[in-house]
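A.B. asks: take a look and give me a structure for this.
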Amino acid sequence: MIGTDGVLLDPITRTLGGMEAPDLIQTVLVFAALMALALYWPKFRSRRVVILAAIGSVIFAAGEVLGAVASQDAPGKALIGMAPVLLAVKGVGLVVAGGLVLTAVFHWALAASRPRWPLTAYGAFGQDAEPYGSARPAWRPLAWCVNLWTAHPWRAVGLIFGVLVVSRVPYLLLTFPGVVTPDSQWQISQVLGVEQLSAHHPLLHTAMIWPFMQLGAAVGSLELGVVLYSVFSILTTCALFTWALVMAIRLRFGRVTVITIGVLALAFTVNGYYSVTMWKDTFFGPLMVCYTLCLIRLVRQISKPANLAGATGAAGASDSGLAAVQPGRAYRIKQWVAFILVSLGVTFMRNNGLYVVLIATVVLAVLLAGHRALVATAGVVCLVAALIVNGPVYKALDVTPGPVREALSIPLQQIARIANNHPDDLSASQKQFIETLLSSDTVAEAVGDYNPTISDPIKKKFNQQWYLDHKGEFWKQWLNLALEHPITAYTATAAGTRGYWVPEVRSWTVRYRIVDEETWVESRPALPDLANCLERNSFGNLRGFPLIGWFYSIGLACSLVLLGAGVLFLKRRYREMLALVPLAVLWLTCLASPVFAHFRYAYGIVLTAPLVIFYAFIAPLGEKRKRIPKPDPH
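C.D. replies: Prediction:
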């Protein structure tokens, strides 16, 4: 466990019988299974539902059990205090309980009706859609918001943006002048000319830092540069969240969805701390939400259920489902521009963003008939822009390429674990290979710093020049070691990635101050006592808080995305599953990262997971509510 939970949360945990997060999650799962068994058992008739629930429960149970095995540093140790037989019993129990819960969830999802959002579809935004219902909500604040959106949509957008910005001001005061980490310090050194520009961090983000730090250096106050960057970061991220909320409204997700997304954007403490942290992930996370919404709009424009053919006029518009646009209607120019700009943002805000966009482009261009031109155009623009930046621009600015070792965490960790656990089984050539690869005199010295949860200790010893000269030899030796010790190779990979697929795994999420104050700037929070109290009690990571702490679980967020994909498959909304392709690619790149559970790497998935759940459970355009057949008394 990398991080710790706050001392204020320990009494709450103890009141629940001293349960840690794994016990709490599994206890809730058992209770939910019993409720599902009592309420839905007479209705479990669909073979499709039962089979899909069984597959999902097996995946969940396998992840729990294999994650438990991978949590051990070396084979032979007790598996979380359990005998192997008891661990097997746990796995079987999770399969049964998870299967019951998933069956009930899938059954309820099939019967879920579409929401009703009592707003004019686009108002002043230029869409010629009919009003979506005429009723107004009874709750006065919500009714006021509805009236404001209907009469003055741009004022409503300004209000959303203003509320988000105001909510970020306390975080700036508590972390003043902002949060600077070692990665940020390296980028500051680059923009000030102290170090050479490097492609290790995206050049776009380094360019975003450049004007503020240059201004601060010009006036003799780098603190001013950090403050200005923090303000810029707040305004930019709040604008992205505002755009996402407006898109959710325009896509008719329903008031529950929009309010939930709005509350998370406003109150999720990670958003607040990230907005004042000099990280590329601060922008990449909201950009992934916007990119997913753009793809949802794409797939819904061409989804045309059979029962929609006769729906015309105002009645058809008010009785249809989610999408505010008619299926098959071409994108306007501004929508093309917006999609391409968001795609470019995802491409250049993280080094793995290019893979996300290109793989999504290929999959969508092949399978998404109706908008291939737009998808292909966006993909080609991003690819050409990336080639220009990585070629002539890097050469003109004398940018050094990023270290090769960053892409080799998985094989390096496998080699290190095999050498650490089986030193006597290595041949002379394998020992020489490991010693040369890790720049050490002996195998014990090479893997002595092996850490199963992070690859940095091994990467620091990596001999990059030898690898570049002997790539074939490297992959041949790695493959031989992995085939000779497959279980150890698996446990090395699972131990280094389990935070992205096991919900109970905890890790640190945010920084609360300038990490290394030997850089030129010091943290001077406006309320130091309150800032220290929040840091001591991990206010930025409420992982130990019951229920609320689940929002801080990377593994749970990834599981929710998988659950959403299962619901879409169950509803036969296969085309709409394509909108989740970028999240799947991002998850795969997280598995190749150097840390077993790094929250900021999966920030985009965590932000998008609630949206995916609502997207999956809400009925598509024109879908009628399914009637649940009553059980046959005979």
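
A.B. asks: now do the contacts for S593.
C.D. replies: Residues near S593 by Cβ atoms under 8 Å, 6 or more residues apart in numbering: S409, Y601. The C-beta positions use only the backbone N, C-alpha and C, and glycine is treated the same way.

A.B. asks: the one 10 residues further on now?
C.D. replies: The neighbourhood of Y603, defined by Cβ under 8 Å, 6+ apart, consists of V270, Y274, D281, F284, G285.

A.B. asks: show the buried residues in these.
C.D. replies: Neighbour counting with 16 or more other Cβ atoms under 10 Å marks V270, Y274, D281, F284, G285 as buried within the contacts of Y603.

A.B. asks: count the neighbours of the nearest residue to the fourth one once chain neighbours are set aside for me.
C.D. replies: Just to be clear, that refers to F284. Nearest non-adjacent residue to F284, counting by Cβ to Cβ, 6 or more residues apart in numbering: M349, 4.4 Å away. Each residue near M349 was counted by other Cβ atoms under 10 Å, and the total is 23.

A.B. asks: tell me the pLDDT of M349.
C.D. replies: As predicted, M349 sits at a pLDDT of 96.

A.B. asks: what stretches of this protein score poorly on pLDDT?
C.D. replies: By pLDDT under 70, the weakly predicted segments of the chain are 1-45, 70-86, 111-144, 146-147, 149-150, 302-332, 516-519, 546-547, 619-634.

A.B. asks: what about the closest residue to F253 other than its chain neighbours, how many neighbours?
C.D. replies: Residue nearest to F253 in three dimensions, not counting chain neighbours: F614, with 5.9 Å by Cβ to Cβ, 6+ apart. Residues lying near F614 (other Cβ under 10 Å) number 19.

A.B. asks: need phi/psi at F614.
C.D. replies: In terms of degrees, to the nearest 10, the main-chain angles of F614 are phi -60, psi -40.

A.B. asks: next, the buried residues of the helix or strand hosting V49.
C.D. replies: Take DSSP states H and E as the rule and V49 turns out to sit in helix 47-70. For helix 47-70, a neighbour-count test (16+ other Cβ under 10 Å) marks 49-50, 52-54, 56-57, 59-61, 63-70 as buried.

A.B. asks: how far off centre is it?
C.D. replies: 21 Å (Cα atoms, centre = their mean, to the nearest Å).

A.B. asks: flag every buried residue along the next helix or strand along the chain from that helix.
C.D. replies: Note on helix 47-70: by DSSP H and E, the next helix or strand toward the C-terminus is helix 84-111. Within helix 84-111, the residues scored as buried using 16+ other Cβ under 10 Å are 87, 90-91, 94-110.

A.B. asks: re earlier: and the gap between the residue nearest to F253 and V256?
C.D. replies: Note on F614: its distance to V256, by Cβ to Cβ, to the nearest Å, is 8 Å.

A.B. asks: ok, R372 touching T361?
C.D. replies: No. R372 lies out of contact with T361 (Cβ atoms under 8 Å); the separation is 9.9 Å.

A.B. asks: those two: who's more crowded?
C.D. replies: Neighbours were counted for R372 and for T361 using other Cβ under 10 Å; T361 has more, 22 against 14.

A.B. asks: host element of that one?
C.D. replies: Taking DSSP H and E as the definition, T361 sits inside helix 353-367.

A.B. asks: and that helix, what does it pack against?
C.D. replies: Secondary-structure packing of helix 353-367 (3 or more Cβ pairs under 8 Å, 6 or more residues apart in numbering; DSSP states H and E): helix 281-301, helix 333-349, helix 372-388, helix 581-591.

A.B. asks: do you know which of those helices lies nearest P610?
C.D. replies: helix 281-301 (9.8 Å; Cβ to Cβ).

A.B. asks: against which helices or strands is that closest one packed?
C.D. replies: helix 222-250, helix 269-275, helix 333-349, helix 353-367, helix 581-591, helix 603-617.

A.B. asks: if you set the cut-off to 7 Å instead, what comes out?
C.D. replies: Here helix 281-301 touches helix 222-250, helix 269-275, helix 333-349, helix 581-591, helix 603-617, going by 3 or more Cβ pairs under 7 Å, 6 or more residues apart in numbering; DSSP states H and E.

A.B. asks: can you say which of the helices and strands packed on helix 353-367 is packed in most?
C.D. replies: Across the helices and strands packed on helix 353-367, averaging neighbours per residue (mean count of other Cβ atoms under 10 Å) puts helix 281-301 on top, at a mean of 24.

A.B. asks: off-centre distance for that one?
C.D. replies: On Cα atoms, centre = their mean, the centre of helix 281-301 falls 12 Å from that of its chain.

A.B. asks: with stretch 558-571 instead?
C.D. replies: Distance of stretch 558-571 from the chain centroid (Cα atoms, centre = their mean) equals 15 Å.
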